[in-house]
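[1] coordinates only, no sequence provided:
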């Protein structure tokens with residue numbers, strides 16, 4: 001007998017602070033099985049994402065996560081040399097080394113002080129910045145990004161964590177042809193295993209080049225089946241995650257951050273045996289919210 005994969009309400013407690021499972025209890029995981037028996041048609045995914053973020057289909061390219069999109073972007077050939085702001089996601093530097101593309105590193109002066117004046121020096125053709133930063137949770141405001149655009153041929157804003165903040169550049173992307181925005185579901189819906197990411201830009205030449213180089217594996221049947229439904233759950237998921245974050249930050253000594261994580265200062269109350277934390281700076285621990293199984297686990 002075929003098992004029933006339908007998630008029932010008894011499996012998921014939706015509004016529990018400790019529960020960050022984002023799949024709605026009513027979604028049947030067998031829905032869309034037929035789409036997995038053939039090559040994926042991404043049109044429904046384009047329509048769902050563009051409708052949610054209010055962007056034009058011709059201004060978006062999808063990928064197998066940002067990790068697949070970024071090296072494909074390098075094939076464009078016109079990005080030139082690239083400035084990377086560190087600390088950040090390590091893969092851009094790895095891809096640049098693999099492709100022998102020159103790059104410049106700008107580092108934070110301390111854990112949370114963005115070297116903004118240095119960014120305005122424009123030493124390279126392109127600027128890559130994770131905004132918000134996935135390590136220390138800092139964010140450049142919209143007006144700061146706009147101020148940086150004249151200094152570079154392209155500015156790439158990696159907005160993987162932006163659904164937890166209020167400074168997305170999506171509302172301005174049509175005004176600046178040198179602005180490139182990267183987004184992913186791995187944070188906004190806490191599903192990194194879905195491997196779904198997308199790029200937004202009004203630069204049609206850039207988007208067309210990405211589309212021409214898109215491998216058939218850039219989107220899966222699972223993504224086609226799930227993304228149109230999952231994207232509707234982002235507001236509820238973000239609200240629940242923020243509620244959890246606010247509760248923790250009001251209970252413990254934390255550094256203000258933007259993202260699906262909290263930055264805890266060294267605290268004897270943290271139970272390191274049951275809580276997955278990473279020391280990102282001396283005495284500062286990063287805890288991703290979807291790693292919390294039970295809120296009480298972080299209390300000794």
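    Perfect, I can see it now. All figures in this text were calculated on a predicted structure; none of them were measured in a lab. Numbering: from 1, shown residues only.

[2] in the protein, what helix or strand scores lowest on average pLDDT?
    Of all helical and strand segments in the chain, the minimum by mean pLDDT, DSSP states H and E falls on helix 185-188, at a mean of 83.

[3] so what are the sheet partners of the very next helix or strand once past it and their directions?
    Of the helices and strands lying after helix 185-188 in sequence (DSSP states H and E), the nearest is strand 197-200. According to DSSP bridges, strand 197-200 forms sheet pairs with strand 60-63 (antiparallel), strand 179-184 (antiparallel).

[4] tell me which residues in the first one are buried?
    Read it as strand 60-63. In terms of neighbour count (16 or more other CB atoms under 10 Å), strand 60-63 has its buried residues at 60, 61, 62, 63. (Glycine included, C-beta is placed from N, CA and C.)

[5] what residue, apart from its backbone neighbours, is nearest the second one spatially?
    Using CB to CB, 6 or more residues apart in numbering and skipping residues adjacent in sequence, the residue nearest residue 61 is residue 210, 3.9 Å away.

[6] ok, now the last one?
    Computed as CB to CB, 6+ apart, the closest residue to residue 63 that is not its neighbour in sequence is residue 69, at 3.5 Å.

[7] counting by contacts, list what the helix or strand harbouring that neighbour packs against.
    Assigned by DSSP H and E, residue 69 belongs to helix 66-74. Under the contact criterion of 3 or more CB pairs under 8 Å, 6 or more residues apart in numbering; DSSP states H and E, helix 66-74 touches strand 60-63, helix 91-98, strand 179-184, strand 197-200, helix 204-212.

[8] could you point out which element follows it?
    By DSSP H and E, the next helix or strand past helix 66-74 is strand 82-86.

[9] hmm, who's touching that following strand?
    92-93, 96, 101-108, 114-115, 119, 123-130, 133, 152 (CB atoms under 8 Å, 6 or more residues apart in numbering).

[10] one more pass at 6 Å, please.
    92, 93, 103, 104, 105, 106, 107, 124, 126, 127, 128, 129 (CB atoms under 6 Å, 6 or more residues apart in numbering).

[11] SS state for the last one?
    Three states are possible here, and by DSSP: H, G, I helix; E, B strand; the rest coil the one that applies to residue 129 is strand.

[12] tell me what it is bridged to.
    Bridge pairing for residue 129 - DSSP bridges - gives residue 157.

[13] now do it against residue 114, distance only.
    As for residue 129, its distance to residue 114 is 9 Å (criterion: CB to CB, to the nearest Å).

[14] between these two, who's got more neighbours?
    Legend: neighbour count by other CB atoms under 10 Å for residue 129 and residue 114, higher for residue 129 (22 against 19).

[15] show the pLDDT at the more buried one.
    The per-residue pLDDT reported for residue 129 equals 96.

[16] ok, now residue 275?
    With respect to pLDDT, residue 275 has a value of 66.

[17] quick revisit: ok, and what's touching the least confident helix or strand of the chain?
    Under the criterion CB under 6 Å, 6+ apart, residues 160, 161, 163, 191, 192, 194, 196, 234, 260 lie in contact with helix 185-188.

[18] quick check: chain neighbours aside, which residue is closest to the fifth one?
    It stands for residue 192. residue 186 (3.6 Å).

[19] how about the fourth one?
    Counting by CB to CB, 6+ apart, residue 185 is the residue found nearest to residue 191 once chain neighbours are left out, at 5.4 Å.

[20] pull the number of nearby residues for the one you found.
    When neighbours are counted by other CB under 10 Å, residue 185 comes out with 26.

[21] that one and residue 160, how far apart?
    From residue 185 across to residue 160, the span is 9 Å (CB to CB).

[22] cool, and residue 247?
    On the measure of CB to CB, residue 247 and residue 160 end up 23 Å apart.
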